[in-house]
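> return atomic coordinates for the entry below.
(one chain, ligands or ions: 1)
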Amino acid sequence: MTDHLLGKRVDVLDKGWIELIDLLPHPATGISGDLAIVNAARVSFMGESKGDEKDKKLLFYLLRNAHTSPFEMVEFKFRVRAPLVTWWQWVRHRTWNFNAQSGRYTPFEENDFYIPDVWRKQAASNKQASEGQVEPEVNAALTDKLKEHYNEGHRLYEEALQAGVSKEMARLFLPGFSVYYTWVAKVDAHNLMQFLRLRMASDAQYEIRVYAQAIYESFFKPALPWTAEAFDLYGLKKAE
Ligand SMILES: Cc1cc2nc3c(=O)[nH]c(=O)nc-3n(C[C@H](O)[C@H](O)[C@H](O)COP(=O)(O)OP(=O)(O)OC[C@H]3O[C@@H](n4cnc5c(N)ncnc54)[C@H](O)[C@@H]3O)c2cc1C
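Residues are numbered from 1 along each chain as shown. Take a look at the predicted model:
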């Protein structure tokens with residue numbers, strides 16, 4: 001069933017990852033997430049599972065008609081390592097629960113910084129977005145400069161720590177948007193679909209889109225195959 005998903009970790013970006021640390025219903029119950037949704041819906045009229053075909057049909061009906069509360073009966077808890085530029089956008093989704101690594105407590109290492117593969121150009125039509133990429137030689141030069149910037153920022157951070165400055169203040173020297181943080185993040189399936197709809201869309205920033213896509217492909221689809229199928233049909237498209 002879904003027990004192989006617990007503890008599964010997928011790599012994202014250059015140094016990030018997503019790991020599923022808990023799932024409701026827990027795989028040990030033997031109840032699939034899709035069935036938990038159907039069972040929750042049937043409690044409305046005190047019914048039970050009526051076999052795969054009818055259960056799946058009911059689930060599709062629920063999603064198609066925005067009968068959303070049964071989808072809140074399934075929960076995913078992830079441990080996620082992502083750069084701050086990703087978290088900056090992720091935490092806007094208020095229906096998630098988070099607990100973050102403390103930069104006041106844990107020191108940052110030299111290689112705790114995001115290095116993009118490519119430098120995307122400013123999009124012509126959307127002031128918030130990017131498109132294409134710079135020429136390869138410009139790409140390489142920018143990456144070298146970024147690494148220099150990180151090294152200098154981290155050197156100053158270490159210098160401040162050596163001078164007795166607290167971790168909570170020394171981190172002011174770190175390049176803010178690039179530093180990787182590890183968080184625990186929990187969400188139910190209904191609100192996860194809202195997150196996926198917005199953050200897998202083409203106008204979402206690449207640095208969060210890859211996390212949304214990884215969650216969808218590696219965890220959401222295998223944990224909730226019927227729901228994923230219905231979501232592809234009725235729920236994936238972002239409202240215009
Ligand atoms: C492409 C893109 C660009 C963006 N650009 C910007 C930007 O420039 N500036 C900026 O500030 N943000 C920006 N955002 C963030 C965006 O405005 C939302 O804050 C974010 O996507 C979270 O969406 P949400 O509120 O639907 O999610 P959640 O907070 O997870 O909420 C899910 C749903 O629950 C309901 N809900 C939750 N909390 C409340 C509440 N307190 N009151 C009423 N209903 C609630 C709403 O129906 C909501 O849709 C951008 C998002 C995207 C995808």
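
> for the longest helix along the chain, name the packing helices and strands.
Ranked by residue count, the top helix of the chain under DSSP state H comes out as helix 136-162. Packed against helix 136-162 by the contact rule (3 or more CB pairs under 8 Å, 6 or more residues apart in numbering; DSSP states H and E) you find helix 167-170. Quick note: C-beta positions are derived from backbone N, CA and C, even for glycine.

> in the helix it packs on, what's buried?
Lys167, Ala170 (16 or more other CB atoms under 10 Å).

> packing partners for it?
Counting by 3+ CB pairs under 8 Å, 6+ apart, helix 167-170 packs on helix 136-162.

> centre of the chain to the helix it packs on, how far?
Here helix 136-162 is found 26 Å from its chain centre; the criterion is CA atoms, centre = their mean, to the nearest Å.

> and it, what's buried?
Buried-residue list, helix 136-162, by 16+ other CB under 10 Å: Asn139, Leu146, Tyr150, Gly153, His154, Tyr157, Ala160, Leu161.

> how about stretch 25-32?
Neighbour-count burial for stretch 25-32 [16+ other CB under 10 Å]: Pro25, Pro27, Ile31, Ser32.

> next: stretch 163-178.
Applying 16+ other CB under 10 Å to stretch 163-178 flags Lys167, Ala170, Arg171, Phe173, Leu174, Pro175, Ser178 as buried.

> what do you get for stretch 112-130?
For stretch 112-130, by 16+ other CB under 10 Å, it's Asp112, Phe113, Tyr114, Pro116, Trp119.

> still on that earlier bit, quick check: mean pLDDT of the longest helix of the chain?
Per-residue pLDDT values across helix 136-162 average out to 95.

> likewise stretch 76-86?
The model assigns stretch 76-86 a mean pLDDT of 97.

> alpha carbons of that stretch, as CSV, please.
Presented in CSV, the C-alpha positions along stretch 76-86 are these (Å, rounded to 0.1, in the frame of the first residue of the first chain):
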residue,chain,number,x,y,z
PHE,A,76,0.9,14.7,4.8
LYS,A,77,3.8,15.6,7.1
PHE,A,78,7.1,16.4,5.3
ARG,A,79,10.6,17.3,6.3
VAL,A,80,11.8,19.8,3.7
ARG,A,81,15.2,21.4,3.0
ALA,A,82,14.8,24.4,0.8
PRO,A,83,16.4,27.8,0.3
LEU,A,84,14.8,30.8,1.9
VAL,A,85,13.6,32.1,-1.5
THR,A,86,11.4,29.1,-1.6
